[in-house]
Structures are given as C-alpha cells and as structure tokens.
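> Kindly generate the corresponding structure for this input.
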Amino acid sequence: MSHKHSDIEYLGRVRYILEQLNSSVYVDWADPEMQHPTDRSTAEKLKNKIIKYDKFIFIATDDAINSTWCNWEIGFGDAQKYDKDKIAIFPIKKDNGLWKGNEYLQLYPSIEYFDGTSQYKNGEFIPKGFYVKYKYKDNVIVPLLKWLQR
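Take a look at the predicted model:
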C-alpha cells in the first residue's frame, strides 16, 4: 500500500479490509528494516517491495496526492504493474474522481464500496462489498477479492 503516514487513521481500516480477503499487505511503517529518517536506501527498499508484491494499491487521500514520496511510488508502481492490471487507487478523499491537478490518477481503476442498492445494467443488484471499478472501461466492476486473486 502506498500511503501518507499522516493518514494513519485510514490505513488500519484499509489494511483490515485487504487482510480479511486473505491478502498479505506491506506497509513501510510496520517494516523494522525501513530507515528513519528516509534516505536513498529507503527508495531502494521500496522499489524492491513494489516489485516483490503482486499488486500495488495507492491510498488516495489529499495528503498522499500531495506527497512527493507517494507520487514517486505510484510512478514506479505504474511502470511495474499497469500493463498487468495490478494497480488500483483506493480513494479516501477525492474531487468527484477528477483528481484536479493530478488527473493522471484517472488512468487507474478505483476500489469502491457498493452498499447493495446499486444495479448492474441488467437490473440485478450489485451485492454489497468492495469492487475494483474501471471507469475507462465503461464502468466495469470486478469484486475486489477476484481482482486480488488474479
């Protein structure tokens, strides 16, 4: 998970959601090998983790979007994961998905919660849960668990 440390209040919940789906979640603040303060070795370690893990999820908050480190991470994650459909945005705060000033975030599918009241085009209700939504692919949705298992 790429995130801003100041968003710790959200990170535990997101991590819990992913772990409930039997996903192993890497967060740098839980890594005893991560250097503080950050330096060149921090970047090397993060690059290795992004390569190692199958998926890359950017926790999109206002602070993360404005973070130099988070923007560097998503750029590197894009190079490693985009063509393989293994990168997604988990928006916590957003400007109606427009990402004003950071429109490149529209390139990625987003992880969204459906409460059971939305419907597929055929009129069937979408079961309650988290989905990966592809706005650029006619709003196709895939259950988050299925996406994680790909």
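
> Which residue ranges of the chain form helices?
8-20, 40-52, 62-65, 68-81, 144-149 (DSSP state H).

> what's residue 91 in contact with, if anything?
60, 97, 110-112 (Cβ atoms under 8 Å, 6 or more residues apart in numbering). (Glycine included, C-beta is placed from N, CA and C.)

> which one among those residues gets closest to residue 20?
residue 111 (13.5 Å; Cβ to Cβ).

> what pairs with that closest one across the strands?
Judged by DSSP bridges, the bridge partners of residue 111 are residue 132.

> dump the residue contacts of residue 82.
107-108.

> Give the rounded mean pLDDT of stretch 70-77.
Over the span of stretch 70-77, the pLDDT mean works out to 96.

> ok, now stretch 139-146?
Here the average pLDDT along stretch 139-146 is 96.

> hang on, the earlier thing: would you list the helices of the chain in a markdown table and tack on mean neighbour count and distance to residue 105?
Shown next, in a markdown table, are these (neighbours: other Cβ atoms under 10 Å; distance: least, Cβ to Cβ, whole Å):
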| stretch | mean neighbour count | distance to residue 105 |
| --- | --- | --- |
| helix 8-20 | 14 | 17 |
| helix 40-52 | 14 | 17 |
| helix 62-65 | 20 | 7 |
| helix 68-81 | 17 | 8 |
| helix 144-149 | 17 | 18 |
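
> right, so of these, which gets closest to residue 30?
Per Cβ to Cβ, nearest to residue 30 of these: helix 8-20, 8.9 Å.

> Can you give the contact residues for the closest one?
With contacts defined as Cβ under 8 Å, 6+ apart, helix 8-20 is touched by 1, 3, 25, 27, 29, 57, 59, 61, 90, 92, 130, 144, 148.

> who touches the nearest residue to the second one once chain neighbours are set aside in this structure?
It refers to residue 3. Nearest residue to residue 3, sequence neighbours excluded (Cβ to Cβ, 6 or more residues apart in numbering): residue 59, at 4.0 Å. For residue 59, the contacting residues are 1-4, 7, 10-11, 14, 90, 92, by Cβ under 8 Å, 6+ apart.

> Apply 6 Å and report the result again.
1, 3, 14, 90 (Cβ atoms under 6 Å, 6 or more residues apart in numbering).

> tell me the two of these that are most distant?
The widest separation within those (Cβ to Cβ) is 8.9 Å, between 3 and 90.
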